[in-house]
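Asker: Below are the sequence and a predicted model; questions follow.
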Amino acid sequence: MSPIPGWGGTGPAEAADPWWFELVADPTLPELLRRFNQAGVLAPADIHVATRLARLAGEADEQVLLAAALAVRGPRVGHVSVDLRRLRESVVVGEDEVDLEELPWPSPDGWIDRIARSPLVGTDAAPEWPGHPFRLVGCDLYLDRYWNDEVALAGDLAERAAADDRAWPSERPLSGADRAELDRLFPGPASADQRGAAEVALRRRLTVLAGGPGTGKTTTVARLLALLAGRRPHPAGRLPLMALAAPTGKAAARMEAAVRGEAARLEVPAEIRDALLRLEGTTLHRLLGTRPDRSGRFRHHRHHLLPHDIVVVDEASMVSLSMMTRLVEAVRSDAHLILVGDPEQLVSVEAGAVLADIVGATGDSPGRHSGDSPGRHSGDSPGRPSASADPTPGPRPQAGKGGRGPLSEAVFVLRTNHRFSGSLARLADAVRRGDAAATLDLLGSGDPAVEWVDTEPADLVGRPAARLPATGSLAQVATGIVDWAEAIRVASEAGDASGALAALRHHRVLCAHRRGPSGAATWNSLVEAWLAGADGNRPPSAWYAGRPVLVTANDYRLRLFNGDTGVVVAGPGGVGAGGTLPGPEAPGGHRVVFETGGAEGTGGAVPGRSVSPFLLDAVETVFAMTVHKSQGSEFDRVTLVLPPASSRLLTRQLLYTALTRARRSAVLIGTAVAVAEAVERPIARASGLGRMLWPDTIGS
């Protein structure tokens with residue numbers, strides 16, 4: 001959120017624009033809340049929720065109201081809690097410079113004492129009374145529902161891991177048949193990493209399979225499912241019931257295609273292969289069963305468990321705290337739960353950084369967790385430790401063997417990269433390690449696989465009439481983008497759906513923001529303007545041949561999911577095995593052709609459904625897309641447009657995620673200051689889950 005126009009937190013309140021939509025128009029609003037609202041720290045929703053709860057509880061202390069509003073704000077910007085001692089240092093406000101030191105912050109010790117006495121707040125002295133909307137734990141203030149979710153999730157994970165330790169002690173040897181099957185499905189030294197992960201999963205009902213792109217996570221999952229299916233026949237003689245799930249429909253479809261593709265190549269009994277080929281991916285919401293009468297609640301829960309024997313969740317880094325809590329509580333205690341993802345990637349847009357907290361210390365070393373490395377955790381400000389690193393009172397799951405944490409034996413991190421190498425891989429690794437000097441050295445090396453244009457993206461956007469630059473690095477980058485877009489258009493106008501989709505997969509412009517000079521909307525318009533300049537004509541309609549489109553909402557009727565991509569192709573459909581849906585044609589008989597039969601960017605996708613544009617009501621142009629939307633996709637080449645160094649979205653995880661979308665080469669547009677800021681700024685998520693699961697490593 002930006003500060004109110006005319007108000008930067010240091011001038012008189014009268015300077016604020018009284019009609020600004022983010023300004024709370026309430027003459028009775030306490031002055032302390034008004035100041036934080038005018039500075040852009042608190043949104044109207046934060047204040048209205050806090051003041052309403054305060055009226056119900058009879059609370060009038062404006063310092064308590066400020067803390068309550070900040071706690072309401074926390075989940076809105078991704079935090080599970082707020083650290084009252086560090087808020088002054090760590091609050092991030094949009095992309096604008098705001099002097100937070102000039103705001104009237106209460107003194108932390110007195111502030112915490114006043115909050116602890118409030119009827120709004122529950123503390124560890126009265127942990128069981130359910131009437132408090134807020135929970136104070138040490139100096140962390142939670143909305144009570146998020147505290148309950150955090151404790152429940154940590155407890156369920158620890159209990160599941162402890163049960164595994166009792167039933168499957170790590171020193172218990174595998175049978176000869178298990179060893180033989182492992183060696184057959186994961187042959188040779190190149191599969192040693194994946195074979196080790198599968199061995200961990202064989203011993204446990206909870207497995208966390210972490211690793212970056214190209215480390216073989218999906219291959220491991222497919223072969224592990226074949227192994228478990230042959231090892232765990234149901235008492236009635238049937239194969240185990242398996243579920244493939246992901247946070248989004250696109251990720252679920254991608255996992256389904258990848259597992260089926262791997263299953264088709266496996267030398268396993270026909271019954272097992274057929275079972276894997278029949279697996280369908282689903283969203284977590286559909287797996288748990290959404291309830292239209294109760295938002296955020298599901299048909300399957302702790303008292304009505306899922307029927308599945310094996311549940312695999314892909315892209316677990318995108319799962320929020322609330323959703324992960326609901327999932328884990330709904331899985332049977334005797335079922336296999338396998339969480340798959342990259343803890344270094346961007347986290348959920350909702351509250352929490354759950355996968356990173358679960359992986360904990362294991363993210364810093366390959367193979368199985370050793371229990372003695374410093375913890376990875378999510379603080380609430382760049383470069384600072386997790387909120388309340390000191391142990392705090394309250395319920396905590398017990399540590400696992402050796403005091404290392406209850407998940408010490410459940411997590412396996414894959415490090416062997418089977419997909420890319422060279423400068424691009426070294427660059428991604430330097431970013432992952434937070435080494436800004438090495439990152440800048442690699443970018444400046446002159447290697448064509450990692451091109452760098454050291455300038456503000458606004459230099460491209462701000463040119464008169466969006467003309468292509470004539471000379472220099474910017475001209476080369478812009479010309480490459482136009483050549484790519486032209487290749488899509490040429491294939492589309494010829495009615496070549498396969499060629500158009502192949503061209504679309506070749507390249508993508510990635511942005512941190514949706515809007516602004518470095519935003520996806522701006523760059524989509526810019527590419528379209530460059531294309532128009534190439535032939536002197538603007539497209540006659542929004543559905544011009546060669547327009548790439550991104551689905552922005554699930555459409556189960558058309559079997560299109562948020563994140564699916566397609567291309568407008570000339571001619572009356574007639575492509576793909578998926579058939580043509582009824583509906584009027586676009587001008588010129590154009591249709592939108594979407595990929596099926598493989599994940600975008602894997603090379604295995606083929607044109608499938610041909611859909612009339614008039615049936616699509618939630619799509620946007622996708623020459624450029626946000627890095628968040630690109631998660632799970634791969635492209636031959638990526639052009640990354642960095643925002644200014646002041647952007648709160650500019651983080652190490654964003655840069656790492658964007659670079660690892662590229663298979664062969666990447667172009668980065670942004671200043672050295674922005675690059676260094678991104679590398680040195682990990683995602684800031686205040687959370688206590690890591691402390692609960694890794695009590696001997698967090699804060700050590």
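Answerer: Ah, there it is.

Asker: can you map out the strands along the stretch 551-700 of the chain?
Answerer: 565-569, 591-596, 606-611, 619-621, 624-626, 635-641, 662-669 (DSSP state E, counting those that start in this stretch).

Asker: looking at those strands, which one has the lowest mean pLDDT?
Answerer: Lowest mean pLDDT within the strands of the stretch 551-700 of the chain: strand 606-611, at a mean of 66.

Asker: which residues in the stretch 401-550 of the chain form helices?
Answerer: Secondary structure of the stretch 401-550 of the chain by DSSP state H, counting those that start in this stretch: the helices cover 422-433, 436-443, 458-461, 472-493, 497-506, 520-535.

Asker: among those, which gets the worst mean confidence?
Answerer: Mean pLDDT is lowest for helix 458-461 among the helices of the stretch 401-550 of the chain, at a mean of 68.

Asker: Just tell me which of the strands of the stretch 551-700 of the chain ends up closest to Thr219.
Answerer: Thr219 lies closest, by CB to CB, to one member of the strands of the stretch 551-700 of the chain: strand 662-669, at 16.2 Å. Every residue, glycine included, has its C-beta placed from N, CA and C.

Asker: quick one, that closest one and helix 520-535 angle?
Answerer: Taking axes from the mean of the first three to the mean of the last three CA atoms, to 10 degrees, one finds that strand 662-669 is oriented at 90 degrees with respect to helix 520-535.

Asker: Kindly reformat the strands of the stretch 551-700 of the chain as a markdown table containing mean neighbour count.
Answerer: Supplementary listing: these in a markdown table, determined by neighbours: other CB atoms under 10 Å:
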| stretch | mean neighbour count |
| --- | --- |
| strand 565-569 | 28 |
| strand 591-596 | 26 |
| strand 606-611 | 22 |
| strand 619-621 | 19 |
| strand 624-626 | 23 |
| strand 635-641 | 23 |
| strand 662-669 | 23 |
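
Asker: for those, which one sits closest to Glu159?
Answerer: Proximity to Glu159 (CB to CB) singles out strand 624-626 among the strands of the stretch 551-700 of the chain, at 37.5 Å.

Asker: rewinding a little: out of the strands of the stretch 551-700 of the chain, which is closest to Ser647?
Answerer: Among the strands of the stretch 551-700 of the chain, the nearest to Ser647 by CB to CB is strand 635-641 (11.4 Å).

Asker: Any chance of the helices of the stretch 401-550 of the chain in CSV with mean neighbour count as columns?
Answerer: Putting these into CSV (neighbours: other CB under 10 Å) gives the following:
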stretch, mean neighbour count
helix 422-433, 20
helix 436-443, 18
helix 458-461, 17
helix 472-493, 19
helix 497-506, 22
helix 520-535, 19
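
Asker: nearest to Ala512, of these?
Answerer: Proximity to Ala512 (CB to CB) singles out helix 520-535 among those, at 8.9 Å.

Asker: name the helices or strands packed onto that closest one?
Answerer: Packing partners of helix 520-535 (3 or more CB pairs under 8 Å, 6 or more residues apart in numbering; DSSP states H and E): helix 458-461, helix 472-493, strand 507-511, strand 619-621, strand 624-626.

Asker: Let me know which of those is the nearest to Arg160.
Answerer: Among those, strand 624-626 sits nearest to Arg160 (CB to CB), with 34.6 Å.

Asker: and that closest one, which strands flank it?
Answerer: Strand 624-626 pairs in its sheet with strand 507-511 (parallel), by DSSP bridges.

Asker: List the contacts of the partner strand.
Answerer: 480-481, 484, 518-520, 523, 527, 622-627, 630, 633, 635-641, 643, 658, 661 (CB atoms under 8 Å, 6 or more residues apart in numbering).

Asker: and Ala264, how many neighbours?
Answerer: Look at Ala264: counted by other CB atoms under 10 Å, it has 11 neighbours.

Asker: Quick check: it vs Gly78, distance?
Answerer: Distance, Ala264 to Gly78, using CB to CB, to the nearest Å: 40 Å.

Asker: Which among the strands of the stretch 551-700 of the chain is found nearest to Arg205?
Answerer: Using CB to CB, the nearest of the strands of the stretch 551-700 of the chain to Arg205 is strand 591-596, at 33.9 Å.
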